[in-house]
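Participant: give me coordinates for this.
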Amino acid sequence: MAETQQDFHLEIAHVLFMDIVGYSKLLINEQAELLQELNRIVRNTNQFRNAEAAGELIRLPTGDGMALVFLRSAEAPVQCAIEISQTLRSSSEIRLRMGVHSGPVNQVTDVNDRSNLAGAGINIAQRVMDCGDAGHILLSKRVADDLAHYRQWQSCLHDLGEFEVKHGVRVHIVNLCSDDVGNSAVPEKLKQGEKEPAAVVSTTGTDARWQKTAWIVAALAAIALAIGFWVFSHRGPQKPVNATSENPSPAAAVEKKIAVLPFKPITPENRDPVLEMGMADTLITKLGNSRQVIVRSLSSVRRYGGLEQDPTAAGRELDVNAILDGNLQKSGDHIRVTARLISVPDGASLWAGTFDEKLTDVFTVQDAISQKVADALAVQLNGEEKNRLTKRYTDNVEAYQLYLTGRYHLDKLIPPEIRQSIGFFQQAIDLDPNYALPYFGLAQANRSLAITSDVASKDCLPQAMAAARKALEIDESLAEAHASLSFCLIWFDWDWANGEKEAKRAIALNPNSSFAHFAYGHVLSDLGRHKEAIAEMARARELDPVFLLVRALEGMFFYHARRDAEASASLQSALELDPNFWITHLTLGKVYLQQQKYPEAISEFTKARELSHGNSEAIGSIGYVAALMGDKAKARAVLEELKTLSNQHYIPPVNIALVYNDLGDRDEALSLLKRACEERDVRLALLKVDPRWDTFRSDPRFGATLKRIGLE
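Facilitator: From the prediction side, this is the model:
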């Protein structure tokens, strides 16, 4: 199965393109309100309803407006524009401009006669619209010539001449206006633009010369679009916020960047969030196999799963060239998927397709979408990359759905959800023992429990290591599984050499994996190789600029390097993205502590405690600061709280030792560190670089602990 119509051919369609003038200057809620009102107005026009009922209309949202593609009547988009214009004049504050053109499109039609389109016909319509101001209804001369056959249109057509538009294409513009429709003023852009002498709109039909010209313009537009996309997708990267002369961006000179947004339901009342998020996750994995494309991670895009999310706005925040946006619906054993690849700079549709198949064919749908996106991005795949683009890790649909469910819960990074994910991954493995991805999921879930959820390392890290190794036994090329194994090796085995080796292997397999650079940066930071660590995290952030964990840990690496001002700036930028990510607050508290801003540190640790539902490091840090402030009673109260909690669940010894550290009870603190070694507490990996242990560094017993874990 692929698309239901696979042989593309040129057809002539009649396109009405519209957008809201000044849209980008509006507040987010104002944008949503105006788009909702515009959608209502457009849907209530007779032309829209009649064409949709006849199956002769295709809608293409564009972020700040839409394109309506009428497949039969050349008059329909003009009549629709007039209806919209009249409604706006009487009852709306929307400042809308519209452009109409008839031209060639590539049509993809599904079994329900619904289509998605791309091509010069749509692109020229957008160029025509771009010439106008609020209130204008502009036509290409081809449309005007068709209308001029009829008496009722002739008095409304006002020739403005030929102008050069985007990519050097020249278009002949005609203004449609009357006393109660359109805008009679000459558009501001055209007042200043070079134009050829105006010609009278033909009343005898389109002559052969114009037909030839129209096809030349269409061809030029198609070529210009291809060149334009090649140019923007080959631009050099922008310098990141934290890049400095000391820490320049190590980004590659040529980057194509794409984000796959969580798919949305076709009908909101029938949501399947696991499948919606899972479709995006699978396509991210597939497209990420090409070294020519940087694909934002699921952790970054999951925040853009809202039904009203503007894909181009999300693309700008994610700093990508293109966005893959889609809708899906599952009904019984069938699945219906629509997908669009959108150029972020101009909102143009680069590709669109519709698929309607049995759920058992969901893998074929994903293969087809991945290949179409690669083609639209002009990605030249080698043999191995082509194989990986369509690689199927399992043919068992039930195992696949269980894996997606596990991923859905794991990515919430909350202890109960992480534990729940483990059950789904195990069920997927039970159904298909050779399915590599659930093993990677198990590795990630167990690894996350060790660092976020107050779980003893011996109860989760050996399981994580075994799962990562099994994933790699099945598929050695899984970069993220190598990165996950790297964490296990340094946290549990204190095997720093092989931990570094696995992280480097992950980067070699996928240089565009943010997680791979993150893992390598962690090894480097723990070893005290701060400049290298910060460079790796800068690259991880460039690859995934809204991945909150990368942002928070970049701040931590600056903190470990005693670069507190940069740490604070990095963490503040992370809080702007999401003020409720508890790890950011925990790390910012440490920075404030180092800056002797004790009340601010207490505030941040308290927020981290609340948002994490009682993480013991946040609690212990509150006691540590209290002791620093001279409030020993409060510090001891924190100790008692941690001891009480230890009767309910595991409390890592390092988090308790932290409080004794500043109470002046060095013997007890060192005794707890010794116990932490016996229990393989993952927090020992930070002992060499965490400034909170600086007062212990001259003590031989502390040096012996560092030596025992391979850090001295």
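Participant: tell me the SS of L160?
Facilitator: Secondary structure state of L160, per DSSP: H, G, I helix; E, B strand; the rest coil, is strand.
Participant: tell me, how many residues neighbour it?
Facilitator: Using other CB atoms under 10 Å, L160 is surrounded by 20 other residues. Just so you know, the C-beta spots here come from the backbone N, C-alpha and C atoms, and that holds for glycine as well.
Participant: now the spatially closest residue to it that is not a sequence neighbour: how far from I84?
Facilitator: Once flanking residues are discounted, L160 sits nearest to I173: 4.5 Å by CB to CB, 6 or more residues apart in numbering. Per CB to CB, to the nearest Å, I173 is found 19 Å from I84.
Participant: the more surrounded of the two?
Facilitator: I173 (29 against 26).
Participant: okay but that one is in contact with L139, surely?
Facilitator: Yes: I173 lies in contact with L139 (CB atoms under 8 Å); the separation is 7.4 Å.
Participant: quick one: common contacting residues for the two?
Facilitator: Common contacts of I173 and L139 (CB atoms under 8 Å, 6 or more residues apart in numbering): V128.
Participant: ok, back up a step: for the residue nearest to L160, give me phi and psi.
Facilitator: phi -110, psi 140 (degrees, to the nearest 10).
Participant: residues contacting it?
Facilitator: Counting by CB under 8 Å, 6+ apart, I173 makes contact with V128, C131, L138, L139, S140, K141, L160, G161, E162, F163, L190.
Participant: where do the strands sit along the stretch 51-200 of the chain?
Facilitator: Secondary structure of the stretch 51-200 of the chain (DSSP state E, counting those that start in this stretch): strands at 57-61, 65-70, 96-109, 115-118, 137-140, 157-164, 170-176, 195-196.
Participant: need the least confident one among those strands, by mean pLDDT.
Facilitator: With a mean of 42, strand 195-196 has the lowest mean pLDDT of the strands of the stretch 51-200 of the chain.
Participant: so, low pLDDT: which residues of this protein?
Facilitator: In the prediction, the chain carries residues with pLDDT under 70 at positions 1-11, 91, 106-118, 166-168, 192-255, 267-270, 359-363, 376-390.
Participant: helix or strand for the spatially most central residue of it, which one?
Facilitator: The centre of the chain sits closest to V301, judged by CA atoms, centre = their mean, with a distance of 3.3 Å. Here V301, judged by DSSP states H and E, is contained in helix 298-301.
Participant: who touches that helix?
Facilitator: 259-262, 277, 280-281, 284, 314, 318, 407, 411, 544-549.
Participant: swap in 10 Å and give it another go.
Facilitator: Helix 298-301 has contacts (CB atoms under 10 Å, 6 or more residues apart in numbering) with 259-262, 277-278, 280-285, 295, 314, 317-318, 320, 323-324, 407-408, 410-411, 413, 514-515, 543-550, 577.
Participant: following it, which helix or strand comes up?
Facilitator: helix 311-318.
Participant: buried stuff in that next one?
Facilitator: Using 16 or more other CB atoms under 10 Å as the test for burial, helix 311-318 gives P311, T312, A313, A314, G315, L318.
Participant: and those, which is closest to S102?
Facilitator: Nearest to S102, judged by CB to CB, of the buried residues of helix 311-318 is T312 at 25.8 Å.
Participant: what sits against that closest one?
Facilitator: 24, 61-64, 323, 325, 342-348.
Participant: excluding chain neighbours, what is closest to it?
Facilitator: G63 (3.7 Å).
Participant: I'd like to know how far that neighbour sits from Q309.
Facilitator: Counting by CB to CB, the separation of G63 from Q309 is 10 Å.
Participant: check the gap between G555 and E317 for me.
Facilitator: 20 Å.
Participant: before we move on, what about M277?
Facilitator: Computed as CB to CB, the M277 to E317 distance reads 18 Å.
Participant: and D356, by the same measure?
Facilitator: Separation of D356 from E317 (CB to CB): 32 Å.
Participant: with D699 instead?
Facilitator: 48 Å.
Participant: columns distance to P653 on top of the strands of the stretch 51-200 of the chain, output as CSV?
Facilitator: Shown next, in CSV, are the strands of the stretch 51-200 of the chain (distance: least, CB to CB, whole Å):
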stretch, distance to P653
strand 57-61, 55
strand 65-70, 60
strand 96-109, 61
strand 115-118, 58
strand 137-140, 72
strand 157-164, 72
strand 170-176, 73
strand 195-196, 79
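Participant: nearest to K590, of these?
Facilitator: Comparing those by CB to CB, strand 57-61 comes nearest, at 44.2 Å.
Participant: quick one: the helices in the stretch 301-450 of the chain?
Facilitator: 311-318, 362-376, 383-389, 397-410, 415-431, 436-452 (DSSP state H, counting those that start in this stretch).
Participant: check which helix or strand covers T587.
Facilitator: Element membership for T587 (DSSP H and E) is helix 582-594.
Participant: got the angle for that helix vs helix 436-452?
Facilitator: With axes from the mean of the first three to the mean of the last three CA atoms, to 10 degrees defining the directions, helix 582-594 sits at 30 degrees from helix 436-452.
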